[in-house]
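Student: Could you work out the structure for the sequence below:
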Amino acid sequence: MRSYLSTALIVLLAVLTPLSAIAAWADLEIGDTGRFVSTMTPLASDPAVQGAVADRVTDQVMTQIDVGPLQSGVRELLHEAVLSFSTSAAFKNAWTTAARAAHTTAQQVLASGRGDAVTIDLAPVTEQVKRQLMADRVPYADRIPVRHSEITVLKANGLGVWRDVARGLKAAGVRPAAATLVLAAAALLLAVRRRRALIGTGLAFAAGAVVLAVVVAVARATSLGNLPDNGDRSAAAAIYDALTASLRTTAWWVLATGLALAALAWLMGRRRRAPPVPPGRTPVPVGAGTPDRP
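Tutor: Coordinates of the predicted model:
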């Protein structure tokens, strides 16, 4: 009976491992404003993000300008000016402000179930762009409208039941992770053959890590597939990868730890099964030939 119960706990361990990782991530990464912003801030230097912002700001300006045959030339000039500004410290500060506001929309979509999409409001960025370009006397910079244009990161209608799962896991916080460790300890204590249970526990952790990596990859493809094929998709990919980097790192660490644990337990069993050497007799190395008789 104990063996069956231990085996059932080990199988459950493989299921709980990815769920506990996602729950902790949703609570500590998405639920915490400071961590969310610190993860998003370096993306100000990402070319995909810079390009998406430049496209949005330029599109806004061109809706206010009509210069006839010079339209394409003016657009290119403004686009290059905005791209140049995106490498400045002022842009990084504005992006940080936008990222802090984006945390609110992410909370609404993933945690509360409200909202249609996770977006980044570019109004703080546009304001800084306009101020800088006007100072540089860039033509038509004074016509840049400071509006709430957005980069869409995630559409809620593409999540389906996953939004409910994410909301439930976030509410659970780090408790599933603690339960995972308790479950592993219980499986080992109940096991009749501890070494085999240790091997199974290690393999269960490894299997759970593989499931976690697959879930992250599938969610990435699903999320980006619901976005239009424009600058939003490339920028959203950079943002998604940054926000889920800790999940991918966790998957690799749990996989390596699980396989190492299983391998160590297996090697310990091999050593115990080695035949004992009789007293006073030197063991003959494997593969050694029979000594010649005198």
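Student: quick one, strands of this protein?
Tutor: All strands of the chain, identified by DSSP state E, fall at 117-121, 150-155.
Student: Let me have those strands in JSON lines, adding mean pLDDT as columns.
Tutor: As requested, the strands of the chain are exported to JSON lines (pLDDT from 0 to 100):
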{"stretch": "strand 117-121", "mean pLDDT": "81"}
{"stretch": "strand 150-155", "mean pLDDT": "79"}
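Student: Need those in TSV (columns: mean neighbour count).
Tutor: Glycine gets a C-beta too; all of them are placed from N, C-alpha and C. Compiled in TSV, the strands of the chain are given as follows (neighbours: other CB atoms under 10 Å):
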stretch	mean neighbour count
strand 117-121	23
strand 150-155	22
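Student: For residue 70, find the nearest of those.
Tutor: Smallest distance to residue 70 across these (CB to CB): 28.1 Å, for strand 150-155.
Student: Partner strands of that closest one and their direction?
Tutor: Paired with strand 150-155 in the same sheet, following DSSP bridges, are strand 117-121 (antiparallel).
Student: ok, residues contacting the partner strand?
Tutor: Strand 117-121 is contacted from outside by 98-99, 101-102, 105-106, 109-110, 148-156, 239, using CB atoms under 8 Å, 6 or more residues apart in numbering.
Student: chain center to that strand, what's the gap?
Tutor: Remark: strand 117-121 is offset 18 Å from the chain centroid, using CA atoms, centre = their mean, to the nearest Å.
Student: Turn the strands of the chain into a markdown table, columns for distance to residue 132.
Tutor: Shown next, in a markdown table, are those (distance: least, CB to CB, whole Å):
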| stretch | distance to residue 132 |
| --- | --- |
| strand 117-121 | 19 |
| strand 150-155 | 20 |
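Student: closest one to residue 52 among those strands?
Tutor: Nearest to residue 52, of all those, is strand 150-155, at 5.4 Å by CB to CB.
Student: Now find how far off-centre that closest one is within its chain.
Tutor: Its chain's C-alpha centre and that of strand 150-155 lie 17 Å apart, by CA atoms, centre = their mean.
Student: just stretch 65-78 next, same as before
Tutor: 40 Å.
Student: First-to-last residue distance for that stretch?
Tutor: Start-to-end span of stretch 65-78 (CA to CA, to the nearest Å) is 12 Å.
Student: gap between residue 226 and residue 136?
Tutor: Residue 226 is 38 Å from residue 136, where distance means CB to CB, to the nearest Å.
Student: With residue 37 instead?
Tutor: Separation of residue 37 from residue 136 (CB to CB) stands at 29 Å.
Student: Who has more neighbours out of those two?
Tutor: Applying other CB atoms under 10 Å to residue 37 and residue 136 shows that residue 37 carries more neighbours, namely 17 against 11.
Student: Need the pLDDT of residue 77.
Tutor: On the pLDDT scale, residue 77 is placed at 84.
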